[in-house]
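>>> quick one, fold the following:
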Amino acid sequence: QVQLVESGGGLVQAGGSLRLSCAASGLTFSRYAMGWFRQAPGKQREFVAAISRSGGSTYFGDSVKGRVTISRDNAKNTVTLQVNSLGPEDTAVYSCAAGDMPFSNSGNYYVYDYWGQGTQVTVSS
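A predicted model of the protein is given here:
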């Protein structure tokens, strides 16, 4: 059974940073591209970042570009998202996803095979 479990969310003040982690089990982690998406209340799911199977390529959503880094550890089956300079507009549920698809499609949520439950990030102004 595949499981993706996010951690690291919480309440943070504007201008602060957060590090979100996603621990994967039940799959051959290195065979999957990993992505992070977020969804705020009343809004569509939004692509945040993705990282290729080897970790050699990354891709970022326009709204977070320059403020986000993504990394993975294939030995530990984890992917990490660092978000800096947080603002109230970053408030959302952040979810990680695993996909066996060409990395060029990694910005599209519907190509991912597995999803975590998500972790809430709330940014206070």
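>>> and the gap between residue 64 and residue 82?
According to CB to CB, to the nearest Å, residue 64 and residue 82 sit 11 Å apart. (Each C-beta comes from the backbone N, C-alpha and C, glycine too.)
>>> actually residue 7, not the one I typed
Going from residue 7 to residue 82 by CB to CB gives 14 Å.
>>> over to residue 96?
13 Å.
>>> and residue 108, by the same measure?
Plainly put, residue 108 is 23 Å away from residue 82 if you go by CB to CB.
>>> ok, residue 113 next?
24 Å.
>>> between residue 7 and residue 82, which contacts overlap?
residue 20 (CB atoms under 8 Å, 6 or more residues apart in numbering).
>>> sorry, back to before: what touches both of residue 96 and residue 82?
With CB under 8 Å, 6+ apart, residue 96 and residue 82 have common neighbours residue 20.
>>> out of these two, which sits in the busier spot?
residue 96 (30 against 15; other CB atoms under 10 Å).
>>> that one contacts residue 6, doesn't it?
Yes: using CB atoms under 8 Å, residue 96 makes contact with residue 6 at a distance of 5.5 Å.
>>> between those two, what contacts are shared?
20, 22, 116.
>>> of those - the most surrounded one?
residue 22 (25 neighbours).
>>> look at that one and report its pLDDT.
If you check residue 22, the pLDDT there is 98.
>>> and the one 5 residues further on, by the same measure?
pLDDT, the model's per-residue confidence, is 97 for residue 27.
>>> burial of it, as a residue count?
Neighbours of residue 27 under the rule other CB under 10 Å: 17.
>>> go on, residue 87?
12.
>>> who's in contact with it?
Residue 87 neighbours (CB under 8 Å, 6+ apart): 14, 15, 123, 125.
>>> which residue is the nearest non-sequential neighbour of the most centrally placed residue in the chain?
Against the mean C-alpha coordinate of the chain, by CA atoms, centre = their mean, the closest residue is residue 36 at 2.1 Å. Closest residue to residue 36 apart from its sequence neighbours, by CB to CB, 6 or more residues apart in numbering: residue 48 at 4.2 Å.
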